[in-house]
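Enquirer: Give me coordinates for this.
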Amino acid sequence: MESPFKADILKGQVAFVTGGGSGIGFEISRQFGKHGASVAIMGRRRQVLDDAVSALQSEGIQAIGLDGDVRKREDASRVLEEAFKHFGKLDILVNGAAGNFLASPEDLSPNGLKTVLDIDSVGTFTMCHEALKYLKKGKGPSTGGLILNISATLHYTASWYQIHVSAAKAAVDSITRSLALEWGTDYDIRVNGIAPGPIQDTPGMRKLAPAEMQSDVSRDDRLLRKLGKTWDIAMAALYLASDAGKFVNGTTMIVDGGHWLSKPRYIAKEEVKNLSRVVEKKSRKSPVGIPSSKL
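Expert: Below is the predicted model of the structure:
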């Protein structure tokens, strides 16, 4: 799909994207690069990073891949410093790293809850905290830099088997608002979020809504009757990163075609329970997200 934005709207800027090796994070990295930015992507799997960087560079994008875990402050500090040394500055931080799996509250261990909170919530804050000194020197749309936190819509109502992620993303939204107030006032750094709905062809959808579930996900009770694309989220990110969004601060933009407004929930609990067993069997063969052995 053709972008509605000019090709140079992010010319000269440097973006750092956690979880940038696949799915939504990769498409944000790609579109930022196609619109003039240099991009550093961070992830835990070296091969995924290498493949993503190769794909970005094949499109003429200046990109590097840095392996690290957002849960570890030392990793966050190291990779941000490496990106800063490589490109000479940092203008945009996108927090896209996330973990998820299906689990009922009674089967979810406290450690499983903590794992997701550590990746999504604490990891988001850790990256923001360690990036602050670089973003204060940014030359983005405002005199300070920009932070984009990738959230979700699960916690706006409630979702079966997603109590851990709902709690984590609610915290991410709160972090977004608080930092927008604090750092917007003190450093002119804008902090916004994007809350995607179900997005096709992403690791999250393959993990939480496998092929066996797709007919249910696409039923007519969805307002636009279709799944979103990673392109849709990347275009929202471009808007917030460009001069067009320079007066937007502290907002989490919902990009889901109005899906979160629909009632009732589009999949019955019993269906989710049965399908979670299918997902678990598949994840043992080709893991996406957090291995059950670590929960």
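
Enquirer: got the residue ranges for the helices in this protein?
Expert: For the chain, the helices defined by DSSP state H occupy 23-34, 46-58, 73-87, 110-116, 123-135, 163-187, 203-208, 214-217, 230-241, 269-285.

Enquirer: tell me which strands and helices the first one is in contact with?
Expert: I take that to be helix 23-34. In terms of contacts (3 or more C-beta pairs under 8 Å, 6 or more residues apart in numbering; DSSP states H and E), helix 23-34 is packed against strand 14-18, strand 38-43, helix 46-58, strand 92-95, strand 146-150, helix 230-241. All C-beta atoms are positioned from the backbone trio N, CA, C, and that covers glycine.

Enquirer: As JSON lines, these with mean pLDDT, distance to residue 186 and mean neighbour count would be great.
Expert: Listed next are the helices and strands packed on helix 23-34 as JSON lines, based on pLDDT from 0 to 100; distance: least, C-beta to C-beta, whole Å; neighbours: other C-beta atoms under 10 Å:
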{"stretch": "strand 14-18", "mean pLDDT": "98", "distance to residue 186": "21", "mean neighbour count": "29"}
{"stretch": "strand 38-43", "mean pLDDT": "98", "distance to residue 186": "25", "mean neighbour count": "28"}
{"stretch": "helix 46-58", "mean pLDDT": "97", "distance to residue 186": "33", "mean neighbour count": "16"}
{"stretch": "strand 92-95", "mean pLDDT": "98", "distance to residue 186": "16", "mean neighbour count": "28"}
{"stretch": "strand 146-150", "mean pLDDT": "98", "distance to residue 186": "14", "mean neighbour count": "27"}
{"stretch": "helix 230-241", "mean pLDDT": "97", "distance to residue 186": "20", "mean neighbour count": "23"}
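
Enquirer: closest one to residue 12 among the helices of the chain?
Expert: Closest approach to residue 12 among those (C-beta to C-beta): helix 73-87, 10.3 Å.

Enquirer: In that closest one, which of the residues would be classed as buried?
Expert: Using 16 or more other C-beta atoms under 10 Å as the test for burial, helix 73-87 gives 75, 76, 77, 79, 80, 83, 84, 87.

Enquirer: want to try TSV for the helices of the chain, with distance to residue 252 as columns?
Expert: Output for the helices of the chain, formatted as TSV (distance: least, C-beta to C-beta, whole Å):
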stretch	distance to residue 252
helix 23-34	15
helix 46-58	26
helix 73-87	22
helix 110-116	18
helix 123-135	12
helix 163-187	5
helix 203-208	17
helix 214-217	23
helix 230-241	10
helix 269-285	25
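
Enquirer: rank those helices by pLDDT, which is bottom?
Expert: The minimum mean pLDDT among the helices of the chain belongs to helix 214-217 (a mean of 49).

Enquirer: Surely residue 194 is in contact with residue 253?
Expert: Yes - with contact defined as C-beta atoms under 8 Å, residue 194 and residue 253 form a contacting pair (5.2 Å).

Enquirer: what's the overlap in contacts for the two?
Expert: Residues touching both residue 194 and residue 253 by C-beta atoms under 8 Å, 6 or more residues apart in numbering: 236, 240.

Enquirer: quick one, which of these two is more surrounded?
Expert: Remark: of residue 194 and residue 253, residue 194 carries more neighbours, 26 against 18, as counted by other C-beta atoms under 10 Å.

Enquirer: For that one, give its distance to residue 137.
Expert: Taking C-beta to C-beta, to the nearest Å as the measure, residue 194 and residue 137 are separated by 24 Å.

Enquirer: and if you look at residue 186?
Expert: Noted for residue 186: a distance of 14 Å to residue 137, by C-beta to C-beta.

Enquirer: So what sits opposite the nearest residue to residue 131 once chain neighbours are set aside in the bridge?
Expert: Of all residues beyond its chain neighbours, the one nearest residue 131 is residue 93 (4.7 Å), with distances taken as C-beta to C-beta, 6 or more residues apart in numbering. Assessed by DSSP bridges, residue 93 has beta-bridge partners residue 16, residue 147.

Enquirer: Enumerate every residue touching residue 93.
Expert: Residue 93 touches 15, 16, 127, 128, 131, 135, 145, 146, 147, 148, counting by C-beta under 8 Å, 6+ apart.
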